[in-house]
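**Student:** Provided below are the primary sequence and the corresponding predicted coordinates.
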Amino acid sequence: MMQTERLFRQFIPVLIWVILAIVLVVVMLLASWVLRPHVLQNSEKTSTYECGEEPIGPARVSYPYNYFIYTVLFVVVDVMGAFLWILTASDILWVGSAKYSVILQVALFVLLVMGGIWYVMKKLPEAALDGKETLEIYRKAKAEREKEQHHMGGH
Amino acid sequence: MVPLSWYLVLAFMLIGLGGYGMMVKRNLIRILIGAEIMGNGVNIAIIAMSLYSPVFTFTGQGLIILVISVAAAHTALAMVLMLVYNRRYDTVDLGHPVVKEES
Amino acid sequence: MQYTDWFLSIFEPVEFLLVAAIVLVLAYLALEHKEIVYAAFFFGFMASFVAAIFLLLEAPFVAGMQIAVYTGGITALIIFAVLLLPRAQDSSLELFATPRKRQLGFLIAALVMILSGLLAFIFPWAESFDDAVVTISNNLNDLAMWLWSYNGVYVQLIALIMVTSMVGAVALLKMDKAEQLSEIRGEFGIEAKPDFEEAEPSSNEEVADEDSEEGDD
């Protein structure tokens, strides 16, 4: 006996919508290809328009690495949001006998992740990554060198 | 009802494709994409197994939720390691890299 | 009525075959496309279609999480990393394996695929997905209870893993800044040349050079 209601049958409208989207894109591209005039394409026509200026250099430049930190933070918050999403999709937070322990777990989870983000953004650059050690080593070497020079100069 | 072996064949084909990418490619980003494809295949296999098992539990789905989060974490770390590699060797291709001269 | 039943019985295999073919083609394109940015985009599309497979497997929340994390997070991460690496975007600079190595790798992968596929077909799986006996549940309450109440320790472990990887990532990214000598240069001026073995009497030209280099950094 077949189970009457499988999940993918509820998604048949989504499938129809996807097919419509693909058909729409293909038809629009084909129509524009058919309707547009096919003139000669040369380098002057295909080059980037920069207000009449000659384009200089490639368009792909490298961004500073520092912005990658925010992408990593985004992924972490994304996963945290996905874990909290299942709470909104169910009712275990306010129904049932386990709600208090679940609330405790959720609070601990959010606290851990947010504490980690706070540590990364505030504490870590001050504590470990401020270049103090390099500075110390350099100062020591400089003092030694000055001492040596002073010694040699004394003779 | 689609039999279980269909899903498993799809999962094995994804794992094989990812393994091919990891074996052959020399670009670190492509190697990472191959690893992610392998991970997707494994996820499909585990979900299918948990659905077709004689006793239905939520262990498979919960496991896959945890696995997806760990995949996000390790991808972030791998990407940063790749940036460090690029900074040191001035390329993201494996092979015989030359250490970039300090300017 | 008969016609509808027939349609619904044929619908699932057809949908599975369609989605599986799309997933395989997109995975192949994600590996083999010349431009690495397009490869990353194809990987994102592949992850979305794997979510459709999860919907076929009665796992709606896993499908949503696949889209949220794989398509939204990991693909964004890969694309952003590619944007940060201008050398990686230039496909003419990319090193490709020799054709012999490629054929060898393809042979090994095909062997693994065929053997494991044969095993999957031959092996007597307990095809016990009998709807009369097994009650599938896609009730999200049970999944939430499994995840948050029965196995809450795992969720805390996931939080710890994510925080650890995030701290490692940010430390690696900022390590360069910590080792940069710009602060020393600011404090000691020109003397902060890396080779302080030879204390040359610096002329004005060198000062100018140092200053311009600092400006470049």
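**Tutor:** Sure, I can see it.
**Student:** quick one: find the helix or strand in chain A with the lowest mean pLDDT.
**Tutor:** The weakest-scoring helix or strand in chain A, judged by mean pLDDT, DSSP states H and E, is helix A:43-46 (a mean of 72).
**Student:** is chain B contacted by the helix or strand just after it?
**Tutor:** On the C-terminal side of helix A:43-46, the closest following helix or strand by DSSP states H and E is helix A:68-89. Yes. Counting by Cβ under 8 Å from any Cβ of the partner chain, contacts between helix A:68-89 and chain B involve A:Phe68, A:Thr71, A:Val72, A:Val75, A:Val76, A:Asp78, A:Val79, A:Ala82, A:Phe83, A:Ile86. For every residue, glycine as well, the C-beta is placed using N, CA and C.
**Student:** export these to JSON lines and tack on distance to C:Val62 and pLDDT?
**Tutor:** JSON lines is the format used below for the residues of helix A:68-89 next to chain B (distance: Cβ to Cβ, whole Å; pLDDT from 0 to 100):
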{"residue": "A:Phe68", "distance to C:Val62": "28", "pLDDT": "87"}
{"residue": "A:Thr71", "distance to C:Val62": "24", "pLDDT": "90"}
{"residue": "A:Val72", "distance to C:Val62": "24", "pLDDT": "92"}
{"residue": "A:Val75", "distance to C:Val62": "18", "pLDDT": "93"}
{"residue": "A:Val76", "distance to C:Val62": "20", "pLDDT": "94"}
{"residue": "A:Asp78", "distance to C:Val62": "15", "pLDDT": "94"}
{"residue": "A:Val79", "distance to C:Val62": "14", "pLDDT": "94"}
{"residue": "A:Ala82", "distance to C:Val62": "10", "pLDDT": "93"}
{"residue": "A:Phe83", "distance to C:Val62": "13", "pLDDT": "93"}
{"residue": "A:Ile86", "distance to C:Val62": "10", "pLDDT": "91"}
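**Student:** could you list which of those residues also contact chain C?
**Tutor:** Here is what survives when those are matched to chain C using Cβ under 8 Å from any Cβ: A:Phe68, A:Thr71, A:Val72, A:Val75, A:Val76, A:Asp78, A:Val79, A:Ala82, A:Phe83, A:Ile86.
**Student:** which stretches of chain C form strands?
**Tutor:** Per DSSP state E, chain C carries no strands over any range.
**Student:** for it, what's the longest helix?
**Tutor:** Secondary structure of chain C per DSSP state H: the longest helix is helix C:2-32.
**Student:** output the contacting helices and strands for that one.
**Tutor:** Taking 3 or more Cβ pairs under 8 Å, 6 or more residues apart in numbering or on different chains; DSSP states H and E as contact, the helices and strands that helix C:2-32 lies on are helix A:7-10, helix B:4-24, helix B:28-52, helix C:36-56.
**Student:** and it with helix B:28-52, angle?
**Tutor:** Counting by axes from the mean of the first three to the mean of the last three Cα atoms, to 10 degrees, helix C:2-32 lies at 150 degrees to helix B:28-52.
**Student:** how many other residues sit next to C:Asn139?
**Tutor:** Neighbours of C:Asn139 under the rule other Cβ atoms under 10 Å in any protein chain shown: 11.
**Student:** A:Ile22 now?
**Tutor:** Neighbour tally, A:Ile22, other Cβ under 10 Å: 10.
**Student:** wait, does the helix or strand in which it is found contact chain C?
**Tutor:** Taking DSSP H and E as the criterion, A:Ile22 maps to helix A:12-35. Yes. Legend: contact between helix A:12-35 and chain C by Cβ under 8 Å from any Cβ is shown at A:Leu15.
**Student:** flag every buried residue along that helix.
**Tutor:** For helix A:12-35, the neighbour count (16 or more other Cβ atoms under 10 Å in any protein chain shown) marks A:Leu15 as buried.
**Student:** residue ranges with poor pLDDT in chain A?
**Tutor:** In the predicted model of chain A, residues A:1-5, A:55, A:57-63, A:128-131, A:154-155 satisfy pLDDT under 70.
**Student:** distance check, whichever residue of it sits closest to chain C against B:Leu83.
**Tutor:** Residue of chain A nearest chain C, by Cβ to the nearest Cβ: A:Gly116 (3.2 Å). Distance, A:Gly116 to B:Leu83, by Cβ to Cβ, to the nearest Å: 20 Å.
**Student:** more neighbours: those two, which one.
**Tutor:** A:Gly116 (22 against 19).
**Student:** just the element for the more buried one, please.
**Tutor:** When elements are assigned from DSSP H and E, A:Gly116 belongs to helix A:99-118.
**Student:** which ones are touching the residue positioned nearest the centre of chain A?
**Tutor:** By Cα atoms, centre = their mean, chain A has its centre lying nearest to A:Thr71, at 2.5 Å. Listed by Cβ atoms under 8 Å, 6 or more residues apart in numbering or on different chains, the contact set of A:Thr71 reads B:Ala76, C:Ala76, C:Leu77, C:Phe80.
**Student:** among the residues you listed, which ones are in helices?
**Tutor:** Counting by DSSP H, the contacts of A:Thr71 place B:Ala76, C:Ala76, C:Leu77, C:Phe80 in helices.
**Student:** burial measure for the second one, as a count.
**Tutor:** By the measure other Cβ under 10 Å, the count of residues near C:Ala76 is 16.
**Student:** likewise the one 4 residues further on?
**Tutor:** Residues lying near C:Phe80 (other Cβ under 10 Å) number 18.
**Student:** ok, it touching A:Phe68?
**Tutor:** Yes. Look at C:Phe80 against A:Phe68 with Cβ atoms under 8 Å: they come within range, at 6.5 Å.
**Student:** stretch C:66-74: how far from the chain's middle?
**Tutor:** Centre-to-centre, stretch C:66-74 and its host chain are 9 Å apart (Cα atoms, centre = their mean, to the nearest Å).
**Student:** end-to-end on that stretch?
**Tutor:** This stretch, stretch C:66-74, spans 10 Å end to end (Cα to Cα, to the nearest Å).
**Student:** now stretch B:19-33
**Tutor:** The straight-line separation of the ends of stretch B:19-33 (Cα to Cα) is 10 Å.
**Student:** one more: stretch A:93-105?
**Tutor:** For stretch A:93-105, the end-to-end distance is 11 Å (Cα to Cα).
**Student:** thinking again about what came up before, name all residues that make contact with the residue of chain A closest to chain C.
**Tutor:** Shown in contact with A:Gly116 (Cβ under 8 Å, 6+ apart): A:Val76, C:Ala159, C:Met162, C:Val163, C:Met166, C:Val167.
**Student:** show me what contacts C:Arg102?
**Tutor:** C:Arg102 neighbours (Cβ under 8 Å, 6+ apart): B:Val24, C:Phe96.
**Student:** what pLDDT is listed against it?
**Tutor:** Looking at C:Arg102, its pLDDT stands at 86.
**Student:** try C:Glu12
**Tutor:** On the pLDDT scale, C:Glu12 is placed at 83.
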